[in-house]
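Enquirer: take this sequence and fold it.
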Amino acid sequence: MAIRRIKQILQSHPSSDGDGVKIQRIHGFDNALFSPFLMLDELKSDNPNDYIGGFPSHPHRGIETLTYMLQGHFQHKDHMGNTGELRNGGAQWMSAGRGVIHSEMPIMSDGKLHGFQLWVNLPAAKKMLPAQYHDFQPEEITEKAFNTQNLIRVIAGDLTIKGETLTGPLQQTGVPTTIADWQAGSGETFASCLNPDFQAMLYVYKGEIEVEGTTVIAGQMAILDQGEGLALSSLKDSGVLLLSGIPINEPVVHYGPFVMNTMDEINQTIQDYQNGTLIDD
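Expert: Predicted coordinates for the structure are as follows:
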């Protein structure tokens, strides 16, 4: 089995979004190795001033979003009438399709907020489908503990470990993906199979890990080369997001909350939003 090695390391950078929410961001709109993913934001603070404004009502078209909270809550409301409030360890998925208008408001828990929002591209054939939403509370996330210091949580898709396939609750992404969270103490290891057709990357949100002799520290994204397997070692108490999926080999045109394939489609999207026809009635 060919074990994947690191091809590129990207450093997250401070940014802000919504109503002044402070985040650490990595994006790959112009990086084919990032596909099918577009952007990852990490929200981490124990200061309400960093996030209290949240993300007031705003539109999207052409993408999916996956929000995953380690600590704290996020309340989602959208034009379809969905309201979802995550608890610690939960996730919520939204496919904007042809259009959605929603808000996301963070709620601190025990003095802290720590979570992520991942943008996933949609292929052209699915960009104009009706919007969808689903949330997954923490008890719905598939977990396997190898010991008290080594835990994998599978949020989307399937992950095979030593012949056992773990299936996450989210299965209806626009292209096949596997999204998981590995939480490990210092000196722990993790190994799994990965679909060789998937592109894969690792975001270290805590600690420090080693991938086939290369070290990745907190705040870095490691893009992996092709292969059939994954082998990780934790050098400190660590947390790692595994993001993998089928690449979408199509043009990416990004304008604010919209991601389409051509500038003409972006212009039409802006016109639809201004005319009030972005969303299905």
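Enquirer: flag the shaky bits of the chain, pLDDT-wise.
Expert: Residues of the chain meeting the criterion pLDDT under 70: 19, 48, 52, 108-109, 111, 281.
Enquirer: let's go with 80 and repeat that
Expert: Scanning the chain for pLDDT under 80 picks out the ranges 17-21, 46-55, 74, 106-112, 280-281.
Enquirer: centroid residue for it?
Expert: Most central in the chain under CA atoms, centre = their mean is residue 118, positioned 2.8 Å from the mean C-alpha point.
Enquirer: excluding sequence neighbours, find me the nearest residue to that one.
Expert: Nearest residue to residue 118, sequence neighbours excluded (CB to CB, 6 or more residues apart in numbering): residue 66, at 4.6 Å. All C-beta spots, glycine's among them, are computed from the backbone N, C-alpha and C.
Enquirer: pretty sure the residue nearest to the centre of the chain sits against residue 181.
Expert: No - applying CB atoms under 8 Å, one finds residue 118 not in contact with residue 181, separated by 11.6 Å.
Enquirer: joint contacts of those two?
Expert: Both residue 118 and residue 181 are contacted by residue 68, under the criterion CB atoms under 8 Å, 6 or more residues apart in numbering.
Enquirer: helices of the protein, start to end?
Expert: 263-275 (DSSP state H).
Enquirer: surely residue 266 and residue 257 touch.
Expert: No - at 10.9 Å, residue 266 does not count as touching residue 257 under the criterion of CB under 8 Å.
Enquirer: distance check, the residue nearest to residue 118 against residue 141.
Expert: 12 Å (CB to CB, to the nearest Å).
Enquirer: stretch 234-245: which residues count as buried?
Expert: Within stretch 234-245, the residues scored as buried using 16 or more other CB atoms under 10 Å are 234, 238-245.
Enquirer: chain center to it: distance?
Expert: From the chain centre to the centre of stretch 234-245 is a distance of 13 Å (CA atoms, centre = their mean, to the nearest Å).
Enquirer: can you check stretch 105-116 too?
Expert: That offset, for stretch 105-116, works out to 17 Å (CA atoms, centre = their mean).
Enquirer: now do the end-to-end distance for that stretch.
Expert: Distance across stretch 105-116, first residue to last, is 13 Å (CA to CA, to the nearest Å).
Enquirer: contacts for it, please.
Expert: Residues contacting stretch 105-116 (CB under 8 Å, 6+ apart): 21, 40-46, 48, 50-52, 54-55, 67-75, 85, 88, 203, 205, 241.
Enquirer: show me what counts as buried in that stretch.
Expert: For stretch 105-116, the neighbour count (16+ other CB under 10 Å) marks 105-108, 113-116 as buried.
Enquirer: can you list those in CSV and add distance to residue 12?
Expert: Putting the buried residues of stretch 105-116 into CSV (distance: CB to CB, whole Å) gives the following:
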residue, distance to residue 12
105, 23
106, 19
107, 23
108, 22
113, 17
114, 14
115, 14
116, 11
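Enquirer: can you get me a residue count around the residue nearest to residue 118?
Expert: 24 (other CB atoms under 10 Å).
Enquirer: before we move on, what about residue 29?
Expert: Residues lying near residue 29 (other CB under 10 Å) number 14.
Enquirer: now it: closest residue in space, sequence neighbours ignored.
Expert: Of all residues not flanking residue 29 in the chain, residue 254 sits nearest, at 4.7 Å (CB to CB, 6+ apart).
Enquirer: how close does the one you found get to residue 63?
Expert: 9 Å.
Enquirer: got any residues that touch both of those two?
Expert: By CB under 8 Å, 6+ apart, the residues touching both residue 254 and residue 63 are residue 38.
Enquirer: higher neighbour count, the two?
Expert: residue 63 (23 against 18).
Enquirer: the more buried one contacts residue 121, doesn't it?
Expert: Yes - with contacts counted by CB under 8 Å, residue 63 reaches residue 121, the gap being 6.2 Å.
Enquirer: which neighbours do the two have in common?
Expert: In terms of CB under 8 Å, 6+ apart, residue 63 and residue 121 are both contacted by the residues 38, 259.
Enquirer: what's across from the residue nearest to residue 29 in the sheet?
Expert: Applying DSSP bridges to residue 254 yields these beta-bridge partners: residue 259.
Enquirer: that one and residue 39, how far apart?
Expert: Going from residue 254 to residue 39 by CB to CB gives 9 Å.
Enquirer: list residues touching both of these two?
Expert: Counting by CB under 8 Å, 6+ apart, the residues touching both residue 254 and residue 39 are residue 29.
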